[in-house]
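Peer 1: let me see the structure of the following:
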Amino acid sequence: MLNKSHFAFLDEGSKKEIRRTILKAVAIPGYQVPFASREMPIARGWGTGGLQITLSLIGKKDVLKVIDQGADESVNAVNIKKLVQLTTGVELTEQTKTATLIQSRHRIPEVPLTDDQILILQVPEPEPLRAYEAKKSVTKLLHSEQEYSGAWLMLFEQIMKYGTISTGADHPVYVNDRYVMAPSPIPRFDNPKMNQSEALILLGAGREKKIYAIPPYTDVASLAFDDYLFRTEDFTDKSCHLCGATGVFLDELIDDHTQQKLFQCNDTSFCMERLNSTQKEEVGSIDA
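Peer 2: Here you go, the predicted model:
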């Protein structure tokens, strides 16, 4: 049943304030803009920042897709979709191509995004300098002076300890040759998708009360050294055991019966679309 008290749950004043914050974030790529994060009917840390952006931007004609670590059917994704649909009545989809708004936790879809789409990423910790500086006043000063030696030192320590840059996710990026930014806990595999993206990318941290953005066609480079280059997760010679996809982010599984190692597309809707397309081709060839 559609909630008629406020379209998209938030009152109009709240949505206007968040939209103004988004405009400032778009105008200064990678810069963390503070905003008055509202109380939401989900716990902080479960996507309140991304949800507030979605509810502030969504219109009656929008088509929404929500994913959680690549899955459309996870508890987090399903509950967010329910809340948005109950308060807007908008159409939901699992197909990346048909969505106008995509809210995501920990992944960027495998299907390339277009200039008529907006990707909204949920962010637990927006400050890329927090690992070595706890004070917000100091991190703001470091950003203003473009003093990022601490971030480089963290990567150097990884190389000294492990022989390579070992960041698993949330590998910091340089945006527009100005700000070092936390890309949210997406895998390294997804970092290159941010560079020169056709879609607008918005990042929201509800608990930390920050919104930041990567406008379309913005330069985004993952931090790395000249002699220790940035590398994504390596899936060379590996393919999805369901749809046969290669060149995508894969989850490593163990078959319960054979105990053999298997790989499967992390992006579930991408995998299902490939499977459905293959099945249709097989039926068509049989009919012919």
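Peer 1: ranges for the strands of the stretch 51-200 of the chain?
Peer 2: 63-68, 91-92, 101-105, 118-122, 173-175, 179-181, 200-205 (DSSP state E, counting those that start in this stretch).
Peer 1: the second one packs against which elements?
Peer 2: Just to be clear, that refers to strand 91-92. Judged by 3 or more C-beta pairs under 8 Å, 6 or more residues apart in numbering; DSSP states H and E, strand 91-92 is in contact with strand 63-68. Where you see a C-beta, it was placed from the backbone N, CA and C, and this is true even at glycine.
Peer 1: and the contacts of the strand it packs on?
Peer 2: By C-beta atoms under 8 Å, 6 or more residues apart in numbering, the surrounding residues in contact with strand 63-68 are 54, 58, 72, 74-78, 80-81, 84-85, 90-96, 98-107, 109, 267, 269.
Peer 1: show the buried residues in these.
Peer 2: Buried members of those, scored by 16 or more other C-beta atoms under 10 Å, are 54, 58, 72, 74, 76-77, 80-81, 84, 90, 93-94, 96, 99-107, 109, 267, 269.
Peer 1: in helices only, show me those.
Peer 2: Of these, the ones assigned to helices by DSSP state H are 54, 76-77, 80-81, 84, 269.
Peer 1: turn the residues you listed into CSV, columns for pLDDT and distance to N176.
Peer 2: CSV is the format used below for those (pLDDT from 0 to 100; distance: C-beta to C-beta, whole Å):
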residue, pLDDT, distance to N176
T54, 98, 25
N76, 92, 31
A77, 95, 31
I80, 96, 30
K81, 96, 33
V84, 97, 31
S269, 95, 31
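Peer 1: the closest residue to L250 other than its chain neighbours in helix, strand or coil?
Peer 2: Nearest residue to L250, sequence neighbours excluded (C-beta to C-beta, 6 or more residues apart in numbering): F263, at 4.1 Å. With DSSP: H, G, I helix; E, B strand; the rest coil as the basis, F263 sits in strand.
Peer 1: burial of F263, as a residue count?
Peer 2: For F263, the count of nearby residues is 18 (other C-beta atoms under 10 Å).
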